[in-house]
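Enquirer: Structure for this input, please:
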Amino acid sequence: MTRQSEGWLSISTEGFAAMNAARPAEHLIKELVQNALDSFVEGDMGRIELRYGSEAGGFVVECRDNGSGISNLSDLKVVYLTHKTDSHLKRGRFGRGFKEALCIAEEARVSSGGQQLAFLQENGQRVTRQVAVPEQGYSTTVWMRMPWPEETRERLDGYFAQFLVPQRIELVVNGERISSRAVEHQVNASITTELYDPISQSWKKPSRSTTIHLVPTSDGEKPTIYEMGIPVAAVDWTMPYHCDVQQRVPMNPNRDAVASGYPVKLHMACLPTLLEQMDEAAVKDEWVGHAGRRCESEVQKRIIARAFGENIARSVPRMGERHFDEDARELGVQVVNTAQASSGFRDMLKVFVPSAREVVRHDELAKAKRADSESFSIEAARQAGDVRQQWLERQGGAEAVGRCLEFAVWFCQQLVDTCPGRENRVSGQLTLNHEAGVTLYAHWSTTNVLTLALDQPCFWQHPLGPESLQVLIHEAAHALNMHHGLEFRQELERLAGVAASLMLLRGAEVHERFADLVLGKHRAVHGDASGQGVERLTQLISVQR
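Expert: From the prediction side, this is the model:
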């Protein structure tokens, strides 16, 4: 004998219920609201009324909507059956949501299009019965009696209060309307979604262009990823915004966690918009570095600038006697220790920020090039017929400038002569500052050429004054150390002592050799320059220590 039946498989309601028994009540009930939202034509007005709570006989849930309705109620009995054309703009997936809630229910009724399908238990058996019913002003009504305790209502209240109700949709929960929330930012992005491919009969995760709504969080709320208004999972960032994605979000089968890597893609999409309102501490958060290294280069540069500033360099290990970090700080550069930064920030800093060594070398080369290319002698300035000649006259003329330069060279030579080893003889020349915002007082070359700026009055008006002597001692210290590290500072301290001794013990020689400078006869000056110089040297020794 042969017996024929429809289909190959039957689904055990008890087995299906066991699969969903551990799911929170709110995740099951949200499926009813989700189906109602999907039933509205985009742009049309819609209304959903959700009611739940303990009644005689159990915990009752009822969801009504005025959407497009259900064309064939008998399809509700078939798991994984849907007549909807799959779209990444719909929240539902493969017609599972209602059936997952239904398998938990003790009793249920669905009314739509003048028909009602009742899910009942009679004589210990689960049965369905379909009858005609009068229209009640709603396209679809779902009623269920669930095996939940009374305190379930409080959990549902908290959950549905989080909903971000779409525009033109009215959601009423237990008589209270859930208000729509203002969207502060709209971010356009191409991001991963989820779509069923009927040809390969598999779920695909293509990227589609969409809009991400950034909605400010309310007090006590954690920033959350939303799928077209329905909360899904934590967004894992420190910004006070929910991320409401206006297309389907890739999730696990229970739709309570997003696919791995998806939050980072949201971070990448939203970071350029949020960056301007983030303070230094917020920009340095780990999620910013993790997402930032995947952003475009212009965004990465903005991240670095807001986190560390514009004038920065990467820290480098000490190299022999050179400590480039210290040299960079002497130039006013902020040195960033990349070892203390997260991996994302380390990657960006390596690409866009020079090392302290590179910054110092560049500065040294620039100063050397400038001193070499723009330096000139007193005789050249006298015959220039340009700004050099004007500055020469302004500082007292060729003879006065020559005497001051002669003292500077002699003074530095006395200091250099105390250095160990044989050094080149010190010589002197002049330069001028031309660039706005860039000031060069003096420069010391590797061959002991001292270059002084003609437009800096301390050398020419008070050649034995504290400012002039301080610069000269600093430059002479470069005879042994061209950098500004620890050894340079130690040499600077030593030469400060040498200079103090020179001015104190050989004061008579200085007075005799440079009497016109000591007395200020080279040009009118005020005060005892020599006395000021000795006092300043004494201060310099203590300060440098």
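Enquirer: List the residues that contact Ile378.
Expert: Leu392, Ala398, Val401, Gly402, Leu405, Leu430 (C-beta atoms under 8 Å, 6 or more residues apart in numbering). Quick note: C-beta positions are derived from backbone N, CA and C, even for glycine.
Enquirer: Could you rank the residues you listed by neighbour count and give me the top one?
Expert: Val401 (26 neighbours; other C-beta atoms under 10 Å).
Enquirer: how near is that residue to Leu415?
Expert: 22 Å (C-beta to C-beta, to the nearest Å).
Enquirer: now Ser10
Expert: 101 Å.
Enquirer: Who has more neighbours out of these two?
Expert: Each of Ser10 and Leu415 has its neighbours counted (other C-beta under 10 Å); Leu415 has more, 22 against 9.
Enquirer: how about low-confidence regions in the stretch 201-350 of the chain?
Expert: 320-321 (pLDDT under 70).
Enquirer: how about the helices in it?
Expert: 262-274, 280-283, 286-292, 297-308, 324-330, 343-352 (DSSP state H, counting those that start in this stretch).
Enquirer: Dump the ones you listed to TSV, plus mean neighbour count and distance to Phe59.
Expert: Shown next, in TSV, are these (neighbours: other C-beta atoms under 10 Å; distance: least, C-beta to C-beta, whole Å):
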stretch	mean neighbour count	distance to Phe59
helix 262-274	20	34
helix 280-283	14	43
helix 286-292	22	39
helix 297-308	18	50
helix 324-330	21	67
helix 343-352	18	47
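Enquirer: Doesn't Gly67 lie inside a strand?
Expert: No - counting by DSSP: H, G, I helix; E, B strand; the rest coil, one finds Gly67 to be coil, located in no strand.
Enquirer: With adjacent residues omitted, what lies nearest to it?
Expert: The shortest distance from Gly67 to any non-neighbouring residue, by C-beta to C-beta, 6 or more residues apart in numbering, is to Ser39 (2.8 Å).
Enquirer: right, and Asp244 touches Val215 too?
Expert: Yes - with contact defined as C-beta atoms under 8 Å, Asp244 reaches Val215; the gap is 5.8 Å.
Enquirer: okay, the two: which has more neighbours?
Expert: Asp244 (25 against 22).
Enquirer: low-confidence ranges in the protein?
Expert: In the chain (pLDDT under 70), the answer is 1-7, 9, 80-85, 94-95, 320-321, 370-372, 435-439, 523-545.
Enquirer: list the residues that contact both of Asp244 and Val215?
Expert: Leu164, Val183, Tyr226.
Enquirer: Just to be sure, which of those residues are found in strands?
Expert: Tyr226 (DSSP state E).
Enquirer: May I see the shared contacts of Asp244 and Val215 organised as JSON lines, with distance to Gln34 and neighbour count added?
Expert: Shown next, in JSON lines, are the shared contacts of Asp244 and Val215 (distance: C-beta to C-beta, whole Å; neighbours: other C-beta atoms under 10 Å):
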{"residue": "Leu164", "distance to Gln34": "13", "neighbour count": "20"}
{"residue": "Val183", "distance to Gln34": "20", "neighbour count": "17"}
{"residue": "Tyr226", "distance to Gln34": "12", "neighbour count": "22"}
